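> based on what follows, work out the 3D shape:
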Amino acid sequence: MNAQPHRGSCLCGAINYEIHGPLRNVIACHCTQCRKQTGHFMAATSADRNDLKLAGAGHLRWYRSSAKAERGFCSNCGSILFWRADGQADISITAGTIDGPTGLITEGHIFCADKGDYYTIPAEGYRRDQWT
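Predicted coordinates:
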């Protein structure tokens, strides 16, 4: 029995995607880079890169945000869609870009030591000062 794929898109709809495989529960990242990019913290799930199918990939741009990772966004509307670490089989997908119910929960928070001073981290899941 194959489950229906999860679908999502950027704000303007120039980039659409489907995930034909399982999604990890959401992790909220409070690192400085995620806060600078999103304006708050980033909430992302992840999937195997081979399970991600894109339409409108000509609008997808990648920004090398560190020596080990890059962030994908729509060149038309600026929506942040993806984060990927070099050499890893999975890709992070911003949870808010997924259409409809996801069935996911927030499993935890990372880089809590870097969080902004204007909010409190919700009391859901684990809290880590770093990634691991």
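> from residue 103, how far out is the residue nearest to residue 130 when sequence neighbours are not counted?
Leaving aside its sequence neighbours, residue 130 sits nearest to residue 111 (Cβ to Cβ, 6 or more residues apart in numbering; 6.5 Å). C-betas here are computed from N, CA, C, even on glycine. For residue 111, the distance to residue 103 (Cβ to Cβ, to the nearest Å) stands at 25 Å.
> of these two, who's got more company?
With neighbours defined as other Cβ atoms under 10 Å, residue 111 and residue 103 compare such that residue 111 has more, 21 against 9.
> these two touch, right, that one and residue 29?
Yes - using Cβ atoms under 8 Å, residue 111 makes contact with residue 29 at a distance of 5.6 Å.
> how far does stretch 38-47 sit from the chain's center?
4 Å (Cα atoms, centre = their mean, to the nearest Å).
> pull out the buried positions in it.
38, 41, 42, 43, 44, 45, 46, 47 (16 or more other Cβ atoms under 10 Å).
> swap in stretch 68-86?
Buried-residue list, stretch 68-86, by 16+ other Cβ under 10 Å: 71, 72, 73, 74, 76, 79, 80, 81, 82, 83, 84.
> how about stretch 104-119?
106, 108, 109, 110, 111, 112, 114, 115.
> against residue 55, how distant is residue 25?
26 Å.
> wait, isn't residue 54 in contact with residue 14?
No - Residue 54 is not in contact with residue 14 according to Cβ under 8 Å; the separation is 10.9 Å.
> between these two, which is the more surrounded one?
residue 14 (18 against 15).
> what residues are up against the more buried one?
Contact partners of residue 14, counting by Cβ atoms under 8 Å, 6 or more residues apart in numbering, are 56, 59, 74, 76, 77.
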